[in-house]
Structure formats: C-alpha cells, structure tokens
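Trainee: Okay, here's the prediction I keep looking at, along with the sequence it came from:
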Amino acid sequence: MTPETPIPAEVLIPGKTTLSQLERLYRAEAPAVLHGSARAGVDWAAARIAEAAAGTVAVYGVNTGFGKLASLKIAPQDTATLQRNLILSHCCGVGDPMPRPVVRLMMALKLLSLGRGASGVRWEVVALIEGMLAQGVTPVIPAQGSVGASGDLAPLAHMAAVMIGAAEAEHEGIVKTGAQALADAGLSPVVLGPKEGLALINGTQFSTAYALVGLFGAWRAAQNALVTSALSTDAIMGSTAPLEPQIHDLRGHPGQIEAAASLRALLDGSEIRESHREGDTRVQDPYCIRCQPQVTGAAMDILRQAARTLEIEANAATDNPLVLANGQIVSGGNFHAEPVGFAADMIAMAVSEIGAIAQRRVALMVDPVLSFDLPAFLTPRPGLNSGLMIAEVTTAALMSENKHLAHPTVIDSTPTSANQEDHVSMAAHGARRLGRMIDNLNVILGVEAITAAQGIEFRAPLQTSAPLSRVVARLRRDVAQLDDDRYMAPDLAMAARLVASGALTEAAALSLPFICS
C-alpha cells in the first residue's frame, strides 16, 4: 500500500469488536465506522431522550444539572446551553497531550459505546466522530486529570469540545482551533442536544484506550521475552530438560504449557544444546533459566485475563444515564472504571515480572562465574574493555523502576465532587503508566537480545537453532557484534525498537494469540 492510498476503515460492530481489530486500528491509525446495523438502536434511544426532554419529569442528565447539582431542574429552552456549558467547564485536563494514535483509539471506543444504542445521542454525533477519524481531525487532549469515575470526564471533554467547534485539534500536522480543524476537513461542529454532552464525556474510553495500548505492548513484549530467553538459554548452554511437556502438563496452567512449547520449538535443532547433553557437570540451571515457562507463562495468563476484561469494556455502554430496552432512562454507574483499573494493575505486574526475570538472565550472562565459560561482560578482551557491564546495570535500573511503577493504583481512591463521587478507580493513570513500563521492558529485552547474541557467537563454531539464528541475523542488521568498546546508547535504543516493532518475533516466526479459545 503506497502512502497515498487511504487506509480502509475498520468496521466496528458494537458488542462484538475484537482486540485484533482494535490493535489494527491503533497501529495503523485507521479510520473507524460503526456497522450499519447499529443505527436503528441509536435512533431509537435518541427518540426516547427527545421525549424525556420535552416532558415535565426530571431525568438526570437530560433536563437536570450534573453530579451534586442533579437536583436542579433545567428549562427546555436551556438544554443546549446546559450541554455546551458541561463540555467547556469540564475541559480541565493538564499535562502533556495524549499521543495521536491513543486519541484515535479512544474516539473509536466512544463510537462503540454510543453504538450500543443506550446513550441516546443522535446519529449526527456518531457521524461526526467517524468523520473526524476519516479526515484526521485529532483533538489535542491533555493526559492528566481523570480519576476514572464519573468516567474520564476531563479528557473526554477535550474531545467533545472540538466537536462543538471549541478547544484545539491537530489536522494535517498542524494544531488549529477546533472550529478551524473541522472546517478545513470539510466537517461542521455539532450543536449538542439533550444528554449528548454527558454521553460524550461520561465513559471509560480514555482509561480503556491507554489500557489497551498497554496490553498490546505487553503482549508483544511477552512474546519477545520467549525469544530472548531462548537465546539466553543457548548462550549459557542451559538445559532444555525443564521444558519437558509432562512437567507442565502436570501443573496445568495454559500459559506455562504454551511458553514451554514455544521455547522447545525455538531451541529445537541447536548444535549448542546437543553439545553438552553428556558430560555437563552442572546439575541445575538458575531459576531465571529453569523457571522461564512458570514465570513468563504465568504473566501470559495474567495478560490474557486482562485482555478478556478489556475486550468486554471496549464494547460496553459506559455513560450515564442509560436508555434501557424497555424505554426507561435509568441512572447507574457503568462509568466507574474499576474493571479497567484492575486490568491495568494486572498488566503492570506482568510487565514487571517479565522484566525482572529477563534482567536476571542478562546478569547471568555477563558474570564469568555463572555463564559457563563466557568471557567477563561478553567482551573478547576484558579489562581493557568493559563490554556489556553497564548495559546490564541499565537493565537493573529499569527493572527496579518498573517494580515501583507496578504498585497497584486501583486500591487508591479519594472522594471528589463534594463527596457525591466518593469512590473512584484511578484507572486513568493506572493505565497511562503502562506505556513507560513497557518502554523500560523493551530496553531490558533489547539488552538481553544483544547479550545473548554475543554469548551465542562466542560458542562458534557450534550453531544455535534455525529460528534463533534468524533472530541473531535480524539483530545484526542493525546492531553490530561488540568487539572493542564503543558508544553503546544507540545500540540499546535500536535493540529496544526491534523488540517494540516485533521484528525479532517475526524473525523467529513466533506469534501467539491474545485470547485462546
């Protein structure tokens, strides 16, 4: 596909959209549209809201104030002003702007939520979000300010503000006023009707978007960890006996079984492994080699649990109030992002542990006492050269940083909005910190790849397996073998990029699904 060729829109079916679809949408920055079958439900719910707005009975969010001000009735002629004021007053985000791909994913998630036909917005609102995604109008949204209940109010308000012609948006690489960005894209701002402002800002799409991006990165990192750990096993002439299928079948955890099978496949045919089956005086390898399936496999199981939660949440109607199938408009609490907060914490712990055991493998390989005859710090001339000494120290620093970042956020809460919203999820920053953690993990795994490849090359003329040979060859296209000391920072950055891009797992032909049937 040439750069001039438009990226096809991802067609989303509310309630049935998959993680694979959302990952494609995120990575390609593809447009998104709702399946045509969603329109009937959206129109029906909008009609129920219009009826309520024209009536005399107070309905929260339709003809009342919000939060602590919900007891105040709003006159019918003031409903449009009410919605506009809601959006502008809630634009209180601070900090650096969200990355564009994350904003676009958040907008697609808002489409899915509105498409469930329970929010009561007109199709015009849906069409504007679709148009913004198609024409590349991306709201500039500060990343801080949400506590994850009552929804991600501040960041979603910045999105909605652009839709009414306010705030700022990026379009064609330039930050413009919301009104100008829409006009340049051939779009018109919407005048919000009853409840529509509330439907746009009351939801978990900010937290869920960041959590999904964290999941996508964590899952790719977990697969990379299988590849780099296989490399490390061969570099230190580790045993494959702990990978025997019966060991893992006797325990029964799916991730452990799958990790062991992947490692067996990656190491199959290695001359290095065959060379020390007999006469090896070592009885056992350290845990960072021997227990790889138990640790990385457990992390994979945890990531899949989080994936299931986030797939449900991505398809959920999470604003308030909701229009039920019987026509009732009922105030509930689907905006509370507790499930997302738990999922984010699970992902964080998995990321931390994958990095912790990988760091120990790096430490093992640079230590001449433990590496089974590899030179100190994997340099051919130790003493004159420091080799990978400080690269290992860097992994230790990042491992420790991730341990601190992995502290659960969902257990924290503070009352807000004059104690009306007295328990919150803190899912927003719980999900947002995952990006920093995964960046750290990618460096750790990149250093492991550099270290293990160096160790394998010291085993010549013995060769590693065919899949791992392809991985080393792919690494060497961008990161040269270390002889005498050189400026190392670019090598570490490049190796981390190879991990993040999936280049190493692609070379190994390793691809595992998010969710197993």
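Mentor: Received the coordinates, thanks.

Trainee: Name the nearest residue to residue 34, ignoring sequence neighbours.
Mentor: With C-beta to C-beta, 6 or more residues apart in numbering as the criterion, residue 34 has its nearest non-adjacent residue at 4.5 Å, and that residue is residue 115. C-beta: built from backbone N, CA, C; applies to glycine.

Trainee: show me what contacts residue 341?
Mentor: For residue 341, the contacting residues are 148, 207, 409, 410, 425, 426, 427, 430, 431, by C-beta atoms under 8 Å, 6 or more residues apart in numbering.

Trainee: Would you map the strands across the stretch 301-450 of the chain?
Mentor: Counting by DSSP state E, counting those that start in this stretch, the stretch 301-450 of the chain forms strands over residues 322-323, 329-330, given from the N-terminal end onward.

Trainee: Within the sheet, what are the partner strands of the last one, with directions?
Mentor: In the sheet, strand 329-330 lines up against strand 322-323 (antiparallel) (DSSP bridges).

Trainee: And the strand it pairs with, how far out from the chain middle?
Mentor: Going by C-alpha atoms, centre = their mean, to the nearest Å, the spacing between the C-alpha centre of strand 322-323 and its chain's C-alpha centre is 29 Å.

Trainee: average pLDDT for that strand?
Mentor: When pLDDT is averaged along strand 322-323, the result is 97.

Trainee: mind checking the SS state of the residue located most distally from the centre of the chain?
Mentor: The outermost residue of the chain, judged by C-alpha distance from the chain's mean C-alpha position using C-alpha atoms, centre = their mean, is residue 279 at 46.1 Å. Remark: residue 279 carries the secondary structure label coil [criterion: DSSP: H, G, I helix; E, B strand; the rest coil].

Trainee: if I pick it, what's in contact with it?
Mentor: Remark: with contacts taken as C-beta under 8 Å, 6+ apart, residue 279 is in contact with nothing.

Trainee: for it, phi and psi?
Mentor: Listed backbone geometry of residue 279 is phi 80, psi 10, with angles given as degrees, to the nearest 10.

Trainee: For the closest residue to residue 220 other than its chain neighbours, list the residues it contacts.
Mentor: When the adjacent residues along the chain are set aside, residue 220 lies closest to residue 502, with 5.6 Å between them (C-beta to C-beta, 6+ apart). Under the criterion of C-beta under 8 Å, 6+ apart, the contact list for residue 502 reads 220, 223, 224.

Trainee: Likewise for residue 164?
Mentor: By C-beta under 8 Å, 6+ apart, the contact set of residue 164 is 84, 87, 178, 189, 190, 191, 192.

Trainee: Now residue 25: closest residue in space, sequence neighbours ignored.
Mentor: residue 10 (4.7 Å).

Trainee: how close does that neighbour sit to residue 342?
Mentor: Going from residue 10 to residue 342 by C-beta to C-beta, to the nearest Å gives 27 Å.

Trainee: So for the two, which residue has more residues nearby?
Mentor: When neighbours are counted by other C-beta atoms under 10 Å, residue 10 and residue 342 differ, and residue 342 comes out ahead with 21 against 18.

Trainee: Compute the distance between the more buried one and residue 355, please.
Mentor: For residue 342, the distance to residue 355 - C-beta to C-beta - is 21 Å.

Trainee: Tell me the pLDDT of the residue nearest to residue 220.
Mentor: 97.

Trainee: same deal with residue 66?
Mentor: The predicted local distance difference test score for residue 66 is 70.

Trainee: Please apply the same query to residue 414.
Mentor: Reading off the confidence values, residue 414 has pLDDT 88.

Trainee: sorry, back to before: adding distance to residue 32, write the contacts of residue 341 out as JSON lines.
Mentor: Output for those, formatted as JSON lines (distance: C-beta to C-beta, whole Å):
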{"residue": "148", "distance to residue 32": "23"}
{"residue": "207", "distance to residue 32": "19"}
{"residue": "409", "distance to residue 32": "28"}
{"residue": "410", "distance to residue 32": "28"}
{"residue": "425", "distance to residue 32": "26"}
{"residue": "426", "distance to residue 32": "28"}
{"residue": "427", "distance to residue 32": "22"}
{"residue": "430", "distance to residue 32": "25"}
{"residue": "431", "distance to residue 32": "20"}
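
Trainee: pLDDT weak spots in this structure?
Mentor: Within the chain, the stretches falling below the threshold (pLDDT under 70) are 1-4, 67-68, 515-517.

Trainee: any idea where the strands of it begin and end?
Mentor: Under the criterion DSSP state E, the chain carries strands at the ranges 10-12, 32-34, 94-97, 138-139, 142-144, 168-171, 174-177, 322-323, 329-330.

Trainee: the helices in the stretch 351-500 of the chain, which residues?
Mentor: For the stretch 351-500 of the chain, the helices defined by DSSP state H, counting those that start in this stretch cover 389-405, 427-458, 466-476, 489-501.

Trainee: For stretch 18-26, C-alpha coordinates in CSV please.
Mentor: This file holds the C-alpha atoms of stretch 18-26, laid out as CSV (Å, rounded to 0.1, in the frame of the first residue of the first chain):
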residue,chain,number,x,y,z
THR,A,18,-12.3,-7.9,18.8
LEU,A,19,-9.0,-6.9,20.3
SER,A,20,-7.3,-7.8,17.0
GLN,A,21,-9.5,-5.2,15.3
LEU,A,22,-8.7,-2.6,17.9
GLU,A,23,-4.9,-3.3,17.6
ARG,A,24,-5.0,-2.9,13.8
LEU,A,25,-6.9,0.3,14.2
TYR,A,26,-4.4,1.6,16.8
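
Trainee: Show me what it is in contact with.
Mentor: The set of residues that contact stretch 18-26 without belonging to it, under C-beta under 8 Å, 6+ apart, is 10, 12, 30, 32, 101-102, 104-105, 108-109, 212-213, 215-216, 307, 310-311, 314, 514-515.

Trainee: Please compute how far that stretch lies from its chain's middle.
Mentor: Counting by C-alpha atoms, centre = their mean, stretch 18-26 is centred 11 Å from the centre of its parent chain.

Trainee: who are the neighbours in contact with the nearest residue to residue 270 once chain neighbours are set aside?
Mentor: In space, residue 270 comes closest to residue 465 once its chain neighbours are excluded; the distance is 4.2 Å by C-beta to C-beta, 6+ apart. Taking C-beta under 8 Å, 6+ apart as the criterion, residue 465 is in contact with 230, 234, 266, 267, 268, 269, 270, 273.

Trainee: can we see that at 7 Å?
Mentor: The contact partners of residue 465, by C-beta atoms under 7 Å, 6 or more residues apart in numbering, come to 266, 267, 268, 269, 270.

Trainee: ditto for residue 95
Mentor: When contacts are counted by C-beta under 7 Å, 6+ apart, residue 95 is found next to 142, 143, 144.

Trainee: In helices only, show me the contacts of residue 502.
Mentor: 220, 223, 224 (DSSP state H).

Trainee: Surely residue 273 touches residue 234?
Mentor: Yes - when contacts are counted by C-beta atoms under 7 Å, residue 273 is listed as touching residue 234 (6.4 Å).
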